[in-house]
Each structure stands twice: as C-alpha cells, then as structure tokens.
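Enquirer: Model the structure of this input:
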Amino acid sequence: MLIPSERIQALTNFADPTIELNDSVSKATKVESRNILPYIQPDLDYLVRLNLEAICRYEKQFHVLKYNFQIGCKKIVDEMIINCDLRYIYVEKNSWVPYNLRYWVPPILVDIFKTVEVDWPLVYMSGSEIIDLMQKLTPVFEFIENIPIIIDSRHTTIDFVVEWDGIRFYMTNYYLTSLFVGAGGFWLLTSWVCLLTSLVFLSYILRDTEEKTSVKTIDRKVDREVNTK
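Expert: Predicted structure coming up:
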C-alpha cells in the first residue's frame, strides 16, 4: 500500500450475545480481525485506542471505568476516567456559544446532546505484532463491573492509529508548518538556481560582447595602419 490508512476503525457491539462475560453487569465487544488485518502494515507502529461515545446515567460526576483489553496472549487491565459534567460536555462540543445561551441560538449553531466522547489509548504495538496476535485469537474489549454509562455501539470503535516517526510525524501533525517550510525551501532553492543560471548566462554574454568589441578595435587599428602607409 503506497499511502497507509492513518486510522483504522473496527466497529463494536457491546450487546454481542456470543461473548462469555465474567458477570452479568459487564459489557464486552469483539474486534473482528477480517476488517482490520488487510490494512495493518507490519513495518509501522500503532497505538490501539478506544473511541467511545456514550451517555452518562449520572450527571455532574466523574466516573472511573475499569476495563480489560485482551489481544492474543496480551491482557491489559486498566481504568479510564469519564467526566459527565454537563458544562464540560457542552464546552467540548461548542466553543463559540456560551453555556447559558445554548437555548437562545438556532439549533444548527449548537450541539446540546449529552453524549460523552472519549478517545482513550489502550496499548502501543507494532504492526507485525498486531497481525501475529490477531491471527491467533480475536481481540476482546470488556468493561469490568457495572458501568454508569449507556454505550452507543454504532459510534463507538476500536481504532488502530499509525504512530508516525521521522519527517512523516511533522508532516502529519504539523502539516501547515510543513507546507510553508517545504514551499519556502523549494522557492529558495529554485530562486538560487535561477539566480545562478542568470549570472552565468550574463557573464557569458558580457564576455562574448567584450571579445567582439576587442576584435572590432583591433580591426580598426589595422585599417588605420594600412591607410597611413
């Protein structure tokens, strides 16, 4: 693949009945490898992330969610923090309209839905390691214990994000700066080439003109000497 996909998304289904849960209140989803493996590049590094979209059951609170992510023989048990404060959710989605004016502007200008969006890092792995582990066993992500949120599986994904290095890191994360630096550098280089070419061509023309002038001067002197004799 000439240009690899920067973010590969796997859809989730936290209501999958085929998954054996540790208890009746846990929520889990599989990561189907057939939708992911064709796009994974073995020579690149990836950061696996949970792109969560949910609705809080209890507002104005912070919630700590324990989770278990198993990919092949690797098992990651950790916890994530979700801020369910209404003002925080609103400000994250609407940076132009103040919170107290949200009902005084047209609905097209604001997003008043109370969905929480979290992009949480899970594990850092190489592409070859991901391919090897996902071919052995289907990865499973599970929220442990009862969770105070309602997960929207249609908009929640497990993402495999390329971790660029070298010059590709700057071109991806600082594309405007890279554009100006690249365009400016190319302009300076071409300007120097044009200037150097112009100077060389000008020196050639001046030298040719001087030679012609000197030849004409010599001819005139010879003519004068001949006429004098």
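Enquirer: Could I get the full set of helices for this protein?
Expert: All helices of the chain, identified by DSSP state H, fall at 86-93, 127-136, 167-173, 175-228.
Enquirer: pLDDT weak spots in the chain?
Expert: Flagging of the chain using pLDDT under 70 yields the residue ranges 1-3, 16-26, 208, 210-229.
Enquirer: how does it divide into domains?
Expert: Per the TED database, the domain ranges recorded for the chain read 5-164, 166-228.
Enquirer: Could you say which of these is packed most deeply?
Expert: domain 5-164 (a mean of 15; mean count of other C-beta atoms under 10 Å). For glycine as for every other residue, the C-beta is placed from the backbone atoms N, C-alpha and C.
Enquirer: how about residue 46, what does it touch?
Expert: With contact taken as C-beta atoms under 8 Å, 6 or more residues apart in numbering, residue 46 is in contact with 40, 124, 125, 126, 127, 130, 160, 161, 162, 163.
Enquirer: So which of those is the closest to residue 91?
Expert: Taking C-beta to C-beta as the measure, residue 91 sits nearest to residue 161 out of the contacts of residue 46, at 24.9 Å.
Enquirer: OK, contacts around that closest one?
Expert: When contacts are counted by C-beta under 8 Å, 6+ apart, residue 161 is found next to 6, 7, 8, 46, 47, 48, 49.
Enquirer: roughly how far apart are the nearest residue to residue 32 once chain neighbours are set aside and residue 42?
Expert: Nearest residue to residue 32, sequence neighbours excluded (C-beta to C-beta, 6 or more residues apart in numbering): residue 10, at 6.3 Å. Residue 10 is 18 Å from residue 42, where distance means C-beta to C-beta, to the nearest Å.
Enquirer: dump the residue contacts of residue 111.
Expert: For residue 111, the residues meeting the contact criterion (C-beta under 8 Å, 6+ apart) are 93, 94.
Enquirer: now do residue 205
Expert: Contacts of residue 205 (C-beta under 8 Å, 6+ apart): none.
Enquirer: Residue 90 too?
Expert: Applying C-beta under 8 Å, 6+ apart, the residues near residue 90 are 99, 102, 112.
Enquirer: One more: residue 131?
Expert: Residues counted as contacts of residue 131 (C-beta under 8 Å, 6+ apart) are 37, 40, 42.
Enquirer: Out of these, name the ones that lie in strands.
Expert: Judged by DSSP state E, the subset of the contacts of residue 131 located in strands is empty.
Enquirer: which one of these sits closest to residue 206?
Expert: Set against residue 206, the nearest of these by C-beta to C-beta is residue 42 (60.4 Å).
Enquirer: quick one: the closest one and residue 127 touch, right?
Expert: Yes: the pair residue 42 and residue 127 qualifies as a contact (C-beta atoms under 8 Å) at a distance of 4.5 Å.
Enquirer: Make TSV out of the contacts of residue 90 and add distance to residue 136.
Expert: Below are those laid out as TSV (distance: C-beta to C-beta, whole Å):
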residue	distance to residue 136
99	49
102	49
112	45
